[in-house]
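**Student:** Fold the stuff below for me.
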Amino acid sequence: MAGLALTGLAVLAAVALGAALLGTYEDPHRDDHDGDVRLSSCRVDAATGWPSAVLMVANRSSKPSDYHVSVEFLAPGGLRLGEAHVFLNRVAPGQQARDTAQSLTRVDRPVTCRVTDVFRTASP
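**Tutor:** Sure thing, here's the model as predicted:
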């Protein structure tokens, strides 16, 4: 019975840690080509400690486009903890694409995700 109670406490602690490491995200309208890129989530994986941001890209241009999106992960107070990049190729006009920018830098606190750069070029 004591083992079951300890297992239950361990599960609750893991859930609490995961909840504590959920991040926030800032308004991503920085160099975003008329709203092509939006952050839809920001979190730190409880098992690995790696921060990630889910990005939604909508090609609002009239031609197939390639995207390079940079995201930074910030601690409370603004300390930069890491960065990640996403490359999406040949996103058709009007098409939406979803991808995850993930850093391999381990963090132990909640983060704020912020899109720092968006480069859109016409696909070859």
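
**Student:** only C-alpha atoms for contact and neighbour calcs from this point on.
**Tutor:** Noted.

**Student:** those helices in the protein, which residues are they?
**Tutor:** Along the chain, counting by DSSP state H, helices occupy 2-20.

**Student:** distance of the spatially closest residue to residue 66 that is not a sequence neighbour from residue 120?
**Tutor:** With Cα to Cα, 6 or more residues apart in numbering as the criterion, residue 66 has its nearest non-adjacent residue at 4.4 Å, and that residue is residue 89. Using Cα to Cα, to the nearest Å, we find residue 89 at a distance of 10 Å from residue 120.

**Student:** and what of residue 67?
**Tutor:** From residue 67 over to residue 120 (counting by Cα to Cα), the distance is 5 Å.

**Student:** Equivalent analysis for residue 65, please.
**Tutor:** From residue 65 to residue 120 the distance is 6 Å (Cα to Cα).

**Student:** Also residue 108?
**Tutor:** Between residue 108 and residue 120 the distance, using Cα to Cα, works out to 33 Å.

**Student:** Quick check, central residue of the protein?
**Tutor:** Central residue of the chain (Cα atoms, centre = their mean): residue 53, 0.6 Å from the mean position.

**Student:** Can you name the residues bridging to it?
**Tutor:** residue 42, residue 101 (DSSP bridges).

**Student:** State the distance from it to residue 64.
**Tutor:** Distance, residue 53 to residue 64, by Cα to Cα: 24 Å.

**Student:** Over to residue 98?
**Tutor:** Taking Cα to Cα, one finds residue 98 at 16 Å from residue 64.

**Student:** what's the answer for residue 85, then?
**Tutor:** Applying Cα to Cα to residue 85 and residue 64 gives a distance of 20 Å.
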